[in-house]
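Q: Sequence first, predicted model second:
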Amino acid sequence: ADGAQVPALVIGSGYGGCVAALRLAEAGVDVQLVEMGMAWDTPGADGEIFANTTDPDQRSYWLRTRTKQPISNFLGFPIDRDIARYTGILDAEDFSGITVYQGRGVGGGSLVNGGMAVTPRRENFGAILPTVNSAEMYGTYYPRANTALGVAAIDPDWFETTECYQYARVGRRHAQRSGFPFVFVPDVYDWAYMKQEAAGAVPKSALAGEILYGNNHGKKSLQKTYLPRIRATGKVTVSPLHKVTTVRPASGGGYTVTLEQLDTGGATTATKEVTADRVFFAAGSVGTSKLLVALRASGALPRLNEEIGKGWGDNGNVMCGRANHLWDPTGSLQSSIPTAGIDNWAAGGAFAEVAPLPTGIETFASFYLSITRNPHRAEFSWNSGAGRVELNWQTAWKRESIDMAKSIFDKINAKEGTIYRTDLFGTYKIWGDHLTYHPLGGAVLGKATDNYGRLHGHPGLYVIDGALIPGNTSVNPFVTITALAERNIEKIIATDL
Ligand code: FDA
């Protein structure tokens, strides 16, 4: 409520925000968890909470009047459509050189992501978070995160026989014939539920193509893991459709936080002020960076240091498809949950997921999202003329990522006698190099903050999300974001409260 005073306020309800809220509440601290997206707990007119990937509607996009689908074309035809402007679930946020996809709602990115829950290889950890003790991470915090998130691997026997992973078995065969290491990718999807879907015993989610705009069943998003535990503490107030706009020191100590309450059209219906002893920035890499850069520029938080906004990367994301021979079908029924990967990180700087193309028809296509060791880092800065935060990522910086992905797919194409698809991202365009699903950095651990996420210059302010990670995790990032948050909040509770 307006004028309230709280011990702790958390901005954003994704992985970092949920870890902070749960552990603070368990330590006896009352928490206000503020989220600008919707609660996603009420069915729409069709009886479902979330829209299907093949039939996007207003629920699908954050304040857009036209969809911006990551795969923009099919067989050369553009597939975007007009929709009503609404506080929908997926934000396709445009910066000058890149579109950054992010989840919006209570649960953050967990609502829209593929649930691929990958712990990086330990030998790569030093390059990801060089100042963090890896023995503690691999001994304590990665296991804690994996357990709390409900991470599990597919039953390998079922994988070999089920129709819905034919596309992944084709991907494995092609990878292995070219000599690339194949790995199973764990996920937070409920694998027992997926088997039931395949048996026709329960309503379908993964086998109905649900993913980008939310899963109605089966996926263990934060709505099914951390958030029920947060509610059970009785100490956390969750405020959906509330956007934090400023944080500034309060005269009597602590911080005054300004919130705008939004309606589902995105208009501000009320402005409120809350005073908090401690504020945790968990608005995601982009959300936290934008807030901090703007607050430093406006003078609200003048002592934030010069590292704020720096060290941002795209986790090297690049997508592509391959056209298979007619005797090599990938299946008309494809689970929307990927479970197979090609690990060429050590030799070629690329970790490629064998991804589905859940169109419902046979496409004879293999589709991949590659995570690559892209060396470029961008910076957020305040543009006073335009009155907004900008990001200086350049489209051409994906070149290295494409070359690393080609280290896998050129070889597979040569071996199989196949070619790249050119119809998925435009006409005669091979590479999906215009986007990222994995924004990381902007308030890097040990630079903008100390080694536990305490912001330099303003005691009582913390960063606890993907903004801490300097641009790349070598694999999909949410397990690392969660594990790092678990590590940091444990230290903060033990020493600061
Ligand atoms: P996260 O983005 O989850 O949460 C931040 C929250 O803060 C959001 O809910 C946002 O609305 C809110 N917020 C922002 N600004 C605010 C403000 N000013 N006031 C109030 N609230 C505010 N990763 C992975 O490991 N495996 C995978 O399979 C995938 N797949 C995938 C697919 C797609 C389509 C996307 C978009 C992303 C993925 N990811 C992924 C990435 C993963 O989802 C992402 O890395 C994490 O969600 C990031 O967690 P954070 O806690 O940093 O922020």
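A: Thanks, I have it.
Q: what's the distance between the least confident helix or strand in the chain by mean pLDDT and the middle of its chain?
A: Least confident helix or strand, the chain: strand 73-74 with a mean of 84, by mean pLDDT, DSSP states H and E. Put simply, strand 73-74 sits 24 Å off its chain's centre (C-alpha atoms, centre = their mean, to the nearest Å).
Q: Which secondary structure element comes immediately after it toward the C-terminus?
A: Next helix or strand after strand 73-74 toward the C-terminus (DSSP states H and E): strand 77-78.
Q: Show me what whichever strand or helix holds residue 481 is packed up against.
A: Using DSSP H and E, residue 481 sits within helix 478-496. Contact here means 3 or more C-beta pairs under 8 Å, 6 or more residues apart in numbering; DSSP states H and E; on that basis helix 478-496 packs against helix 15-26, helix 142-149. Every residue, glycine included, has its C-beta placed from N, CA and C.
Q: distance between it and the chain's centre?
A: 18 Å.
Q: re earlier: so which of the helices and strands packed on helix 478-496 is the most surrounded?
A: Each of those was scored by mean neighbour count; the highest is helix 15-26, a mean of 28, by mean count of other C-beta atoms under 10 Å.
Q: anything in that helix near the ligand?
A: Yes: Helix 15-26 is in contact with the ligand by C-beta under 6 Å from any ligand atom, via 15, 16, 17.
Q: now these in JSON lines, with pLDDT?
A: Formatted as JSON lines, the residues of helix 15-26 next to the ligand follow (pLDDT from 0 to 100):
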{"residue": "15", "pLDDT": "99"}
{"residue": "16", "pLDDT": "99"}
{"residue": "17", "pLDDT": "99"}
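Q: For the stretch 301-450 of the chain, which residues are neighbours of the ligand?
A: Counting by C-beta under 6 Å from any ligand atom, the residues of the stretch 301-450 of the chain near the ligand are 437, 438.
Q: Try it again at 8 Å.
A: Proximity of the stretch 301-450 of the chain to the ligand (C-beta under 8 Å from any ligand atom) is limited to residues 338, 353, 437, 438, 439, 440.
Q: If any of these are buried, give me the ChimeraX selection for them.
A: If you want just the buried ones from these in ChimeraX, going by 16 or more other C-beta atoms under 10 Å, the selection is:
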select :338,353,437,438,439,440
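Q: Closest residue of the stretch 301-450 of the chain to the ligand?
A: Closest to the ligand within the stretch 301-450 of the chain is residue 437: 3.8 Å, counting by C-beta to the nearest ligand atom.
Q: Now do the contacts for that residue.
A: Shown in contact with residue 437 (C-beta atoms under 8 Å, 6 or more residues apart in numbering): 70, 101, 113, 315, 317, 369.
Q: Which of the residues you listed scores worst on pLDDT?
A: Ranked by pLDDT, those bottom out at residue 70, which scores 93.
Q: Check whether that residue really touches residue 355, as I assumed.
A: No: if you go by C-beta atoms under 8 Å, residue 70 and residue 355 don't touch, sitting 10.5 Å apart.
Q: which one of those two has more residues nearby?
A: residue 355 (27 against 17; other C-beta atoms under 10 Å).
Q: Enumerate the residues of the stretch 101-250 of the chain near the ligand.
A: 101-118, 187, 211-212, 242-245.
Q: Now do the shared contacts for residue 70 and residue 355.
A: With C-beta under 8 Å, 6+ apart as the test, residue 70 and residue 355 both reach residue 319.
Q: So for residue 3, what's the pLDDT?
A: At residue 3, pLDDT is 86.
Q: helix, strand or coil for residue 9?
A: Secondary structure state of residue 9, per DSSP: H, G, I helix; E, B strand; the rest coil, is strand.
Q: Quick check: chain neighbours aside, which residue is closest to whichever residue of the stretch 51-200 of the chain sits closest to the ligand?
A: In the stretch 51-200 of the chain, the residue that lies nearest the ligand is residue 109 (2.0 Å; C-beta to the nearest ligand atom). Once flanking residues are discounted, residue 109 sits nearest to residue 103: 4.0 Å by C-beta to C-beta, 6 or more residues apart in numbering.
Q: who are the neighbours in contact with that neighbour?
A: 14, 37, 89, 90, 91, 109, 110, 111, 112, 113.
Q: circling back to that earlier point, between the residues of the stretch 301-450 of the chain next to the ligand, which is closest to residue 415?
A: residue 353 (19.7 Å; C-beta to C-beta).
Q: give the contact list for that closest one.
A: 114, 116, 185, 338, 340, 341, 342, 368, 369, 370, 371, 476.
Q: buried stuff in stretch 136-143?
A: Residues of stretch 136-143 classed as buried: 137, 141, 142 (neighbour count, 16+ other C-beta under 10 Å).
Q: The first one reaches residue 487, doesn't it?
A: Yes: in terms of C-beta under 8 Å, residue 137 counts as a neighbour of residue 487; the distance is 6.7 Å.
Q: Next, the buried residues of the helix or strand harbouring residue 260.
A: Element membership for residue 260, per DSSP H and E: strand 255-262. In terms of neighbour count (16+ other C-beta under 10 Å), strand 255-262 has its buried residues at 255, 256, 257, 259, 260, 261, 262.
Q: ok, and the closest non-adjacent residue to residue 194?
A: Nearest non-adjacent residue to residue 194, counting by C-beta to C-beta, 6+ apart: residue 206, 5.3 Å away.
Q: who's in contact with residue 257?
A: 9, 11, 34, 244, 246, 247, 273, 274, 275, 276, 279.
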